[in-house]
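> Show me how the following folds:
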Amino acid sequence: MSPSEPADNTNETAQPNSLLRPRWTKLRSGALYAVGLMIAFGNWNDTKELSTSLYEGAIAHFTHQTELNQLEQLDVGNYLAYSEALFGIPQVVKASRLDPDLQYRYYKADKYLLTLQVRDQRITGYLVQTLTLEDSFNTAGPFTPPVPFTPLSLDTQPLATVPFADEGFALDNHNLVYFLERHPMAAEGLYLNLYLGITEYGDPIPGLSQAIGDLDQALVFDEEASSGKALSAVRERYAPNFYGLSELDNQFMAEALLTRYEFNAYF
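Next up is the predicted model:
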């Protein structure tokens with residue numbers, strides 16, 4: 001056997017490895033390319049989310065269209081998961097003291113406070129409370145969403161202009177200064193209760209506390225003439241800054257209102 005034969009055997013053994021090397025190189029390049037695409041796709045998603053957030057922020061700065069579009073998609077009877085897809089997870093959840101199966105879920109945004117009445121994963125009612133805009137650079141102006149089933153908008157016309165007869169009201173001048181009244185609707189309003197009222201979470205509304213105090217006192221002393229006059233004073237002077245739609249009665253909508261202490265503590 002000549003000395004060159006081992007060298008020939010070595011070359012024959014190395015030949016298959018040399019054939020595999022280009023395949024491995026291509027495979028590695030393909031894997032790196034795929035990883036690069038995944039990273040780029042992830043960056044694109046982040047960029048897309050950032051761009052969407054910036055766009056919606058700009059729209060919210062100059063208009064109220066984003067908030068109005070969200071609220072327009074909310075209806076009594078919606079499944080809870082649907083509302084959470086719209087508004088996310090609530091900041092606060094409270095259990096009702098009147099009904100152990102009922103929950104109140106609170107979402108505070110820059111322009112409004114949304115309260116959902118939820119029973120068995122179903123929206124049985126909701127309340128939209130406008131808030132004073134704290135952003136001095138906001139150019140959209142006051143947030144005055146339209147009141148469903150009426151030609152009215154919040155914070156524009158007094159309660160006396162509501163086109164439905166009221167059937168009962170509730171008020172408080174201690175834990176929270178508020179007044180609300182119920183307007184049952186017929187078929188065009190899906191037989192729901194429309195609630196309209198005034199609350200005072202932010203700066204005091206001039207004269208509201210006194211007007212509600214006068215009405216409360218007249219009711220306590222059962223002075224029919226005085227209570228009628230005091231009620232008219234509230235309804236003719238003040239525009240509602242919240243509305244609610246619900247299948248439930250007054251007591252549940254009144255219970256859904258946060259006290260001033262709760263509002264400040266939670267938000």
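> and residue 91, how far is that from residue 241?
20 Å (C-beta to C-beta, to the nearest Å). The C-beta positions use only the backbone N, C-alpha and C, and glycine is treated the same way.
> Who has more neighbours out of these two?
Ranked by neighbour count (other C-beta atoms under 10 Å), residue 91 and residue 241 place residue 241 first, with 25 against 12.
> how close does residue 99 sit to residue 119?
Separation of residue 99 from residue 119 (C-beta to C-beta): 7 Å.
> Equivalent analysis for residue 235, please.
Noted for residue 235: a distance of 31 Å to residue 119, by C-beta to C-beta.
> For these two, indicate the residue with more neighbours.
Shown here are residue 235 and residue 119; by other C-beta under 10 Å, residue 235 has more neighbours (21 against 16).
> Residue 172 contacts residue 197, correct?
No: using C-beta atoms under 8 Å, residue 172 makes no contact with residue 197, being 10.8 Å away.
> shared neighbours of those two, anything?
Contact criterion C-beta atoms under 8 Å, 6 or more residues apart in numbering; residues shared by residue 172 and residue 197: residue 178.
> Looking at those two, which is more packed in?
For the pair residue 172 and residue 197, the greater number of neighbours falls to residue 197 (25 against 16), based on other C-beta under 10 Å.
> and that one, that's in a helix?
No: Residue 197 sits outside any helix when classified using DSSP: H, G, I helix; E, B strand; the rest coil, being strand.
> ok, the closest residue to it other than its chain neighbours - contacts?
Nearest residue to residue 197, sequence neighbours excluded (C-beta to C-beta, 6 or more residues apart in numbering): residue 180, at 3.1 Å. Going by C-beta under 8 Å, 6+ apart, residue 180 touches 169-171, 195-198, 242, 244, 250, 253-254, 257.
> how about 6 Å then?
Residues near residue 180 by C-beta atoms under 6 Å, 6 or more residues apart in numbering: 170, 195, 197.
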